[in-house]
Structures are given as C-alpha cells and as structure tokens.
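J.: Mind looking at a prediction? Sequence and model below.
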Amino acid sequence: MQGGSTNRSRQRRPQDREALASRSATKTRERTRFIADAMLGSLARKLRAFGFDATYYKNGDDVGLLRLSLRDDRIVLTADRSLAARASARGIRTIVLAGDSDGERLGSLANGARAAGVSLIRGDPLCSLCGGELRAIKKNELSGEVPPSVRRRHRLFFQCESCGQIYWRGSHWKRLMSLARRLDQKEHAIDLGRR
Ligand SMILES: [Zn+2]
C-alpha cells in the first residue's frame, strides 16, 4: 500500500494469543460491524483503517452475504437496491450507498446511518487488509520490510497481529484519518480512543 505498509510473517507466543483474544472480544462488541458487498472492497478496507469491524463479501451470492450478516450481526452496505430490499425484507439493517468514489460513498454512509439510527462507533485503526488488531512496534524490530527512506522519516510503526502487515503514518495514512474524522463530525460518532 502506497505510503502505508509492507508485509512480514511473525510468530506469536501462546500467552500473546490469549491476551489478544480477550482484547479482540471486547473490541468486536463495541465497534460498529459492517458487511459490504463485493463491489465495495476498497470502502471496506478504509472502514477497517478507520477502526470499524468491516468485512466484504468477495465470492458468493447475495444469499450467502445475507446469511453472514445475520450470523455475525453485521449491517449490510451496498449500492444495489435489489440486494438492499432483500436484506430489509429479512429484517437486516442495511445502508444503501450512492456515489462513484469512496469519498461520496462515505458521505452517503453517514447520511444513511443517521436515517437508520445507526451509531458509527470506531475503535483504534485496524489492518485494512484483514481487519486484525495493530500493535506499535519499535524501529529496531523491523527487518528490511520498510524502505530505508521511510525508516529514516518515521519513528512509529505498527504491525498487524494477524497477518503481519506493517503500517506507518505516511501521507496515505493521514488522508485516511482525515476522512475518518470527517465521518465522525458528520455523524457525531462515539470515538473509542485514538492513538
Ligand atoms: Zn492484517
């Protein structure tokens, strides 16, 4: 991801996994949970970076998406009105998004959430690739995954606990966080704390 990340695998100790599991359980209850349809993958990745629990349905039909949204209690995000109608008919909370860009879609997400009485609650940023929790890591824990110029310019780095992706607060990250704050202002969402 430009200005943002690189990958490396990492071993975790059992006690780390336990601590993570209990922390994740708390966070997943608090964050607003979404499932986006297959057309909205890039929006879902942004929503994860903002700190929402967001997934998107890459492969499969509408029935599978609706089943997953019921099972995991996720709000459906789609631009497809027929899918939205099917979801609503099953009592699933759904927000219909309009617009050709993610910026426009986020605006319509804020409006749709307000109309549907959905609180937009986000926690700390999550891995945009997999939705895993991020932990701060020291510069000397990096081993060649980050370009030298980035290493020189940045002090803070974060690693996904699930997939190992490395992030730093480059220009891409800053743009994302500025979008997230605009969403907060539009919706008066409860912010669960930023780093
Ligand atoms: Zn990840």
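T.: Cool, got the structure.

J.: show me the contacts for residue 55.
T.: If you count contacts by Cβ atoms under 8 Å, 6 or more residues apart in numbering, residue 55 has them with 34-36, 44, 68, 74, 131. Bear in mind the C-beta positions are built from the backbone N, C-alpha and C, glycine included.

J.: Could you provide those in a markdown table, with additional columns for neighbour count?
T.: Shown next, in a markdown table, are the contacts of residue 55 (neighbours: other Cβ atoms under 10 Å):
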| residue | neighbour count |
| --- | --- |
| 34 | 25 |
| 35 | 27 |
| 36 | 27 |
| 44 | 24 |
| 68 | 15 |
| 74 | 21 |
| 131 | 21 |
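
J.: worst-scoring helix or strand of the protein, pLDDT-wise?
T.: Least confident element among the helices and strands of the chain, by mean pLDDT, DSSP states H and E: helix 14-30 (a mean of 52).

J.: one step back: quick check, nearest of the contacts of residue 55 to the ion?
T.: Among the contacts of residue 55, residue 131 lies closest to the ion (Cβ to the ion), at 7.0 Å.

J.: Just to check, the closest one is in contact with residue 52?
T.: No: here residue 131 does not reach residue 52: they are 9.1 Å apart, not a contact under Cβ atoms under 8 Å.

J.: anything in contact with each of the two?
T.: Common contacts of residue 131 and residue 52, defined by Cβ under 8 Å, 6+ apart, are absent altogether.

J.: Give me the distance between the two termini of stretch 123-137.
T.: Stretch 123-137 has an end-to-end distance of 19 Å (criterion: Cα to Cα, to the nearest Å).
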